[in-house]
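Asker: Below: sequence and its predicted model.
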Amino acid sequence: MGNVPQTDEEWRDRLTEEEYEILREQGTDPKFSGEYIGKDDDGAYRCAGCDALLFDSETKFDDEGSGWPSFYDAVEGAIEFREDDSLEMTRTETVCAECGGHLGHVFEDGPNPTGKRYCINSTAIDFEDE
């Protein structure tokens, strides 16, 4: 962390085309295509753009219906929220607080204890074993 690209050119140099599309252009992984769907190993999920710690594997839950990795909570201060009015509906976009990279969206239909469902693009995150 701390070495966050400042220009579009620096981002393009750092990220793959797919990562750039998701993180910098608010793209979305195709439903059920992400490598972290169904992953239940112990570890941490970090931002693919800047390596900031975002989610602990303990907060990941099996949400086979959504098509994306789902978490019921994020690391404190790791996520910022923005209103997203695309697709003719209002949703809450989640972005990395460190680099502003688009991660996915959060919904109010998750499990206890938070009731939240962070629906995250696999391309936007990297997994780190414990």
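Answerer: The structure has been received and is ready for your questions. Nothing here was measured: the structure is a model prediction, and the numbers come from that model.
Asker: For the spatially most central residue of the chain, give me its contacts.
Answerer: Nearest residue to the geometric centre of the chain (Cα atoms, centre = their mean): Leu103, 3.1 Å. Residues in contact with Leu103 (Cβ atoms under 8 Å, 6 or more residues apart in numbering) are 23, 47, 54, 79, 94-96, 118, 120-121, 124-125. All C-beta atoms are positioned from the backbone trio N, CA, C, and that covers glycine.
Asker: Which element, helix or strand, includes it?
Answerer: In this assignment (DSSP states H and E), Leu103 forms part of strand 102-107.
Asker: Render the CA-only coordinates of that strand in PDB, please.
Answerer: Output of strand 102-107 as PDB, limited to C-alpha atoms (Å, rounded to 0.1, in the frame of the first residue of the first chain):
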ATOM      1  CA  HIS A 102     -14.600  -0.500  -7.900                       C
ATOM      2  CA  LEU A 103     -15.200  -3.700  -6.000                       C
ATOM      3  CA  GLY A 104     -18.900  -4.400  -6.500                       C
ATOM      4  CA  HIS A 105     -22.000  -3.500  -4.500                       C
ATOM      5  CA  VAL A 106     -23.500  -4.000  -1.100                       C
ATOM      6  CA  PHE A 107     -27.100  -5.100  -0.400                       C
END
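Asker: Who does it pair with, and is each partner parallel or antiparallel?
Answerer: Strand 102-107 sits in its sheet next to strand 91-96 (antiparallel), strand 117-120 (antiparallel), going by DSSP bridges.
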